[in-house]
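Novice: Curious how this folds, go ahead:
(3 chains)
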Amino acid sequence: MKEYLENVRCVAPLIHNITNYVTANDVANVLLACGASPIMADEEAEVEEITAHCMGLNLNLGTLNQKKIPAMQKAGKMANKLGHVVVLDPVGVGASSFRKQTAEQLLKEVRFDAIRGNISEIKTLASLCGTQEKNSGNMAVSDTMDVEKITDKSDHCGKITGIDGSGRGVDADNADTVTEENLAQHISNAKMLSKKLQTIVAITGAIDLVTDGSSCYVIRNGNPQMGHVTGAGCQLSGILTAFLAANPENKLQAAAAAVCMMGYAGELAAEKSGQSGSGTYRVSLMDAVSCMDGDILERGARYEIR
Amino acid sequence: MKEYLENVRCVAPLIHNITNYVTANDVANVLLACGASPIMADEEAEVEEITAHCMGLNLNLGTLNQKKIPAMQKAGKMANKLGHVVVLDPVGVGASSFRKQTAEQLLKEVRFDAIRGNISEIKTLASLCGTQEKNSGNMAVSDTMDVEKITDKSDHCGKITGIDGSGRGVDADNADTVTEENLAQHISNAKMLSKKLQTIVAITGAIDLVTDGSSCYVIRNGNPQMGHVTGAGCQLSGILTAFLAANPENKLQAAAAAVCMMGYAGELAAEKSGQSGSGTYRVSLMDAVSCMDGDILERGARYEIR
Amino acid sequence: MKEYLENVRCVAPLIHNITNYVTANDVANVLLACGASPIMADEEAEVEEITAHCMGLNLNLGTLNQKKIPAMQKAGKMANKLGHVVVLDPVGVGASSFRKQTAEQLLKEVRFDAIRGNISEIKTLASLCGTQEKNSGNMAVSDTMDVEKITDKSDHCGKITGIDGSGRGVDADNADTVTEENLAQHISNAKMLSKKLQTIVAITGAIDLVTDGSSCYVIRNGNPQMGHVTGAGCQLSGILTAFLAANPENKLQAAAAAVCMMGYAGELAAEKSGQSGSGTYRVSLMDAVSCMDGDILERGARYEIR
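Specialist: Predicted structure coming up:
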């Protein structure tokens, strides 16, 4: 894990974020904290030019509005054209038809290197890509995916029994929680979701799963207090974009490292802030990211590959 | 007071916020801190669907723009239709005709369960509802109000001598400050404002008044440092929405409990942070809300009913 | 320096901010922390009325969008008409044609009392005002400038060799860094930029330069950790607006005092937070501004006038 963080701190990738106004400040600060550099810009008239200056693009569906949709599309296409890393965070995608339609459109028009969300969000996304013929030119299989395993593309993009996104708000359904008991089934599902979405998926929860459809990192870092502050997910998506941008040859591993880092920062923050409360916890979380180096991450990352 | 907070932590109501981008992060975090769950969404195309998933709706006029107006109207009407709690925070309503007109329109089209603001904001609001015939179907008297005391509705919605909103910015006029000396007059005025606005009003300041037009909670919690950070008012409006949503049978009492809680959190934060400065105070305020339980609130709440 | 801060705390100027959603919360809090009062409003329909209530206007190009442009123009013209202080923070102006064109338009239509940015941003701005005939009525020389030194206005607004903005993102180019070795050249350039832009410029970096084209304050306050949190620059632009608004007779000195204050707060925050990390540093920075008084600033300010 060590080298992926060190590459971020060394390369200092400039990351373009089209994100929500609730956690934009947190995302900007956490990008700085992990060694990257943020720029936030969501005006259609400038996003292509902005993203061209950057190494990665982070699209986040929180506080989505009509004006941001063409901005996301243009930025996404330009980033694809230039070979930049593009990450999608489908915040609350199950909460409205508007978000679902936007996500569906983005999945058709933009090739994502990774998608990060909770299990409900990822399942909702996957359910969207079976509704019509896929433009495979736009949804090319990502470098790190094992194409051989995708034997019947239309089938993978069709309805998969037992996979249906039902998250109402921005939180995952409890019924979907990954536990040690249902882990094997969830790993299998995560791989199917990754294949269906044709990209790396990072499904975060009590146990995090990061998979390219072939290998799956099962990550046991994290702390429940992360759910008591807003924006830990958005922050992780920002970090994830930076890790992929700085490690283009090892995207799956870099994605797993980003997830380990955020989770371990969450543990360190809990140790440091104790029972002080969610205000202090939030500050400690940012501290932990900014103080993390390769050695700390290497010692703290808890994962297995399945 | 104890049970109203405990109900919030037990019910964990999902609250839809159409709010300003200055304090949206604070509002989301404080909702999590008090045990509720936030979702921010202000796109007209999705607000009805979003608010239908929620238990309460919090409308905040800060950084108002044209696009948010139909979103507020649609969300408000849908929440009314579904019997959800709706709260208005008329941030800086006296600062522009645009905000005044928007507030006037909202008061006509949406039935609010509570309105929270400083005295200047509440007075400005009340002055708006006298300017034309009231659509009483849309502005039905809330459950907790004593209709018997409203003998002449048109009169209460007309000009009331001595009540005129003159707040220029987002702060209340000094001349309007509630003090022990002018308290009786202010209680009387607060009840009139509540009757005129046909909803619970929470007028926050050095002394807070929460009234349904009949009873008035006089609340002496709070700390002057709360005025040295932005967003304490917006946060309280979020908390207030959560308290009403989780306590639909006791809205006035729940509203008073929310105000006591925020005020007492402000006191605890001042004790904890001392003279550290406004950055630490802000963090401690969030900590205090997140650590508050029913017993702490019960012991700390300082109020009388008049 | 002492009196300029004391005037802010005494006058408590209301500052209107049309700013980005990434750091709007920080700007509001830092204005409160330095003794001013913030209002954020960017809807075209209300900005003239809002800014008329205020003493200063702070325009910030971060997260710029189409709708904010007429808002900035209207607010700027109204503030000019009323003799209010107007400050421009050209965040990432070199990052897109859209920002450049907007900045160019604003420079033509609005008279700024000060512009604050990093060296790349200021150079980009200056390059814009040579592209066409200047409307000297709108770009009148500010009070504190030495008009005698501007012998040929068209020449100063033309291309200046060696001055070209090339900042890609929101950070300054390293090649542009002001050091002790190239200081004399940078002071000379800063004065030229100020003359060209016909306003006070505050160029912030490792060494800050504040000049009206005649005198140049060379300020050695600050700490590298300020660059590890987002928004220190935006916060300074807010503070700068407040200092100018409260000290209209001594704009250059007040601008220098604002820069010293933010930089010294950055030093105090580094002492207090040590190696805790960027979350704690950010909180300590706000604490330091809120605890700063005239005496502390007087003792801590490190500057020379060249």
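
Novice: Which SSE is immediately downstream of the helix or strand of chain A with the lowest mean pLDDT?
Specialist: Least confident helix or strand, chain A: helix A:153-156 with a mean of 28, by mean pLDDT, DSSP states H and E. Later in the chain than helix A:153-156, the nearest helix or strand by DSSP states H and E is helix A:183-197.

Novice: Off-centre distance for that following helix?
Specialist: Here helix A:183-197 shows a centroid-to-chain-centroid distance of 15 Å under the convention Cα atoms, centre = their mean, to the nearest Å.

Novice: buried set for that helix?
Specialist: By neighbour count with 16 or more other Cβ atoms under 10 Å in any protein chain shown, helix A:183-197 contains the buried residues A:H186, A:I187, A:N189, A:A190, A:K191, A:M192, A:L193, A:S194, A:K195, A:K196, A:L197. All C-beta spots, glycine's among them, are computed from the backbone N, C-alpha and C.

Novice: Switch those over to CSV; also include distance to A:L59 and pLDDT.
Specialist: Output for the buried residues of helix A:183-197, formatted as CSV (distance: Cβ to Cβ, whole Å; pLDDT from 0 to 100):
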residue, distance to A:L59, pLDDT
A:H186, 25, 96
A:I187, 26, 97
A:N189, 24, 97
A:A190, 21, 97
A:K191, 23, 98
A:M192, 23, 97
A:L193, 18, 97
A:S194, 18, 98
A:K195, 21, 97
A:K196, 19, 97
A:L197, 14, 97
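
Novice: need the residues you listed in TSV with distance to chain C, can you?
Specialist: Conversion of the buried residues of helix A:183-197 to TSV gives the following (distance: Cβ to the nearest Cβ, whole Å):
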residue	distance to chain C
A:H186	32
A:I187	34
A:N189	35
A:A190	31
A:K191	36
A:M192	37
A:L193	32
A:S194	32
A:K195	36
A:K196	34
A:L197	29
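
Novice: ok, of these, which one's closest to A:A24?
Specialist: Nearest to A:A24 out of the buried residues of helix A:183-197 is A:L197 (Cβ to Cβ; 25.4 Å).

Novice: ok, that closest one touching A:L125?
Specialist: Yes. Using Cβ atoms under 8 Å, A:L197 makes contact with A:L125 at a distance of 6.3 Å.

Novice: Identify the contacts common to the two.
Specialist: Shared contacts of A:L197 and A:L125 (Cβ atoms under 8 Å, 6 or more residues apart in numbering or on different chains): A:L107, A:I115.

Novice: Quick one: residues contacting A:A12.
Specialist: A:A12 touches A:G35, A:A36, A:S37, counting by Cβ under 8 Å, 6+ apart.

Novice: Bridge partners for the last one, pull those for me.
Specialist: Legend: beta-bridge partners of A:S37 under DSSP bridges are A:L14.

Novice: Which parts of the stretch 1-150 of chain A are helices?
Specialist: Counting by DSSP state H, counting those that start in this stretch, the stretch 1-150 of chain A has helices at residues A:2-11, A:24-33, A:44-53, A:68-81, A:97-109, A:119-128.

Novice: C:G62 is nearest to which of these?
Specialist: Here helix A:24-33 is closest among these (Cβ to Cβ), at 10.0 Å.

Novice: Output the contacting helices and strands for the closest one.
Specialist: Secondary-structure packing of helix A:24-33 (3 or more Cβ pairs under 8 Å, 6 or more residues apart in numbering or on different chains; DSSP states H and E): strand A:14-18, strand A:37-40, helix A:232-246, helix A:278-291, helix C:278-291.

Novice: Not counting its neighbours along the chain, what's nearest A:A114?
Specialist: A:I200 (4.1 Å; Cβ to Cβ, 6 or more residues apart in numbering or on different chains).

Novice: ditto for A:V283
Specialist: C:G279 (3.9 Å).

Novice: That neighbour against A:M286, yeah?
Specialist: Yes. If you go by Cβ under 8 Å, C:G279 and A:M286 touch, sitting 3.1 Å apart.

Novice: Find the residues that touch each one of those two.
Specialist: A:N29, A:A33.

Novice: The nearest residue to A:V30 once chain neighbours are set aside and B:V93, how far apart?
Specialist: Take A:V30 and drop its neighbours on the chain: the residue closest to it by Cβ to Cβ, 6+ apart is A:Q235, 4.2 Å away. Distance, A:Q235 to B:V93, using Cβ to Cβ, to the nearest Å: 34 Å.

Novice: now A:S37
Specialist: Distance of A:S37 to B:V93, given as Cβ to Cβ: 39 Å.

Novice: okay, those two: which has more neighbours?
Specialist: B:V93 (28 against 19; other Cβ atoms under 10 Å in any protein chain shown).

Novice: Could you pull up the contacting residues of that one?
Specialist: By Cβ under 8 Å, 6+ apart, the residues touching B:V93 are B:L61, B:R99, B:K100, B:A103, B:G117, B:E121, B:T124, B:L125, B:G165, B:G167.

Novice: For stretch A:275-289, which residues meet the burial criterion?
Specialist: Neighbour-count burial for stretch A:275-289, counted by 16+ other Cβ under 10 Å, picks out A:276-289.

Novice: re the thing from before, from what I can see the residue nearest to A:V30 touches A:V27, true?
Specialist: Yes. Contact criterion Cβ under 8 Å: A:Q235 and A:V27 qualify, at 5.8 Å.

Novice: near chain C, which residues of chain A?
Specialist: A:14, A:21, A:24-25, A:28-29, A:32-33, A:37-43, A:45-46, A:49-50, A:53-54, A:67, A:282-291 (Cβ under 8 Å from any Cβ of the partner chain).

Novice: Drop anything exposed from these.
Specialist: Buried among the residues of chain A next to chain C (16+ other Cβ under 10 Å): A:14, A:21, A:24-25, A:28-29, A:32-33, A:37-43, A:45-46, A:49-50, A:53-54, A:282-291.

Novice: re the thing from before, with the contacts of A:A12 in mind, which one is nearest to A:A270?
Specialist: Nearest member of these to A:A270, counting by Cβ to Cβ, is A:G35, at 22.9 Å.

Novice: Just want the phi and psi numbers for the closest one.
Specialist: Backbone torsions of A:G35, given as degrees, to the nearest 10, read phi 100, psi 0.

Novice: tell me, how many neighbours does it end up with?
Specialist: 23.

Novice: Contact partners for it?
Specialist: Here A:G35 is in contact with A:L5, A:V8, A:R9, A:C10, A:A12, A:A242 (Cβ under 8 Å, 6+ apart).

Novice: repeat for A:E43
Specialist: A:E43 makes contact with A:A71, C:T63, C:L64, C:N65, C:Q66, C:F98, according to Cβ under 8 Å, 6+ apart.
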